[in-house]
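Q: Test case, fold it:
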Amino acid sequence: PNPDDYEKLYFKAEFTAMDKENRGKLTTSEFVKLMMFLGYGERWKVDELLKAVNPEGDGYITIDEFYSAMKRPGVTEGTSRLRDIFFKFDDNKDGRATKEQILQGFADMGIEVDDEIKEKINKLDTNNDGKVAYQDFVQSQLLTKGVLK
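A: Predicted coordinates for the structure are as follows:
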C-alpha cells in the first residue's frame, strides 16, 4: 500500500475517534484536546496550528482541515506516538490488527499481558471479528485518559 493512503487512514481514525457524536467535524476545543493528547505539544503550538488550518475561526474543524493540519511540517511526527505503536501490530496496514498481534506486540515491548489487558483488548474488538480497529484503540485511550467522557 501507498504510505500516504494508510497515513490518511490513521488520521481519519484519530479524527473519528474524537468525533464521538458522528457530526463529521470536531469543535475547536475537541481538536485542541486531540492534538495535545496525540503529543503535539503545548497549547500555544496547537492554537497556532488551529489558526493556520481554520483561518475563518468558525469553531469547527472538518476532516479536510484535520488532514491539512496533519500535513503541516512536524505535525505528523509530533503526533505519532499511538500511530507508531499500533502500526507495529497492523501487518497489512489496513488500520486493523488481530488481538493476538496486539497482545504479542505488548509482550514484545515488555508489557506484562495479564487478564485485565486481555479483557481490554477483547472489548476493543467491537464487531467480534478477532481484530481491533485503530479508531477503537485511539478512542479507548482517549476515554482512559479522560479526554473523552
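Q: beta partners for I61?
A: Judged by DSSP bridges, the bridge partners of I61 are L26.
Q: Contact partners for it?
A: I61 makes contact with K25, L26, T27, T28, E30, F31, L50, V53, N54, A69, according to Cβ atoms under 8 Å, 6 or more residues apart in numbering. Backbone N, C-alpha and C define where each C-beta goes, glycine included.
Q: Residue most distant from the centroid, this structure?
A: In the chain, the greatest distance from the average C-alpha position (Cα atoms, centre = their mean) is reached by E56, at 25.5 Å.
Q: give me phi/psi at that one?
A: phi -70, psi -20 (degrees, to the nearest 10).
Q: circling back to that earlier point, and the buried ones among the contacts of I61, selectable in PyMOL?
A: The command below creates a PyMOL selection of those among the contacts of I61 that count as buried (16 or more other Cβ atoms under 10 Å):
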select buried, resi 25+26+28+30+31+50+53+54+69
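Q: residues touching F89, list them.
A: So F89 contacts A97, T98, Q101, I102, G105 (Cβ under 8 Å, 6+ apart).
Q: again but with Q141, I slipped
A: By Cβ under 8 Å, 6+ apart, the residues touching Q141 are F37, L82.
Q: Using the three-state scheme, assign it.
A: helix (DSSP: H, G, I helix; E, B strand; the rest coil).
Q: same thing with F31?
A: Once three-state DSSP is applied, F31 turns out helix.
Q: Go ahead and confirm it touches F66.
A: Yes: using Cβ atoms under 8 Å, F31 makes contact with F66 at a distance of 7.4 Å.
Q: anything in contact with each of these two?
A: With Cβ under 8 Å, 6+ apart, F31 and F66 have no common neighbours.
Q: low-confidence ranges in the protein?
A: 1-3 (pLDDT under 70).
Q: Check it for its longest helix and report it.
A: helix 3-18 (DSSP state H).
Q: for it, the distance to its chain's centre please.
A: Computed by Cα atoms, centre = their mean, to the nearest Å, the chain-centroid distance of helix 3-18 equals 7 Å.
Q: Other residues contacting the helix or strand containing D64?
A: Under the criterion of DSSP states H and E, D64 resides in helix 63-70. Outside helix 63-70, the residues that touch it by Cβ under 8 Å, 6+ apart are 7-8, 11-12, 14-15, 24-26, 31, 35, 49-50, 52-54, 61, 75-76, 79.
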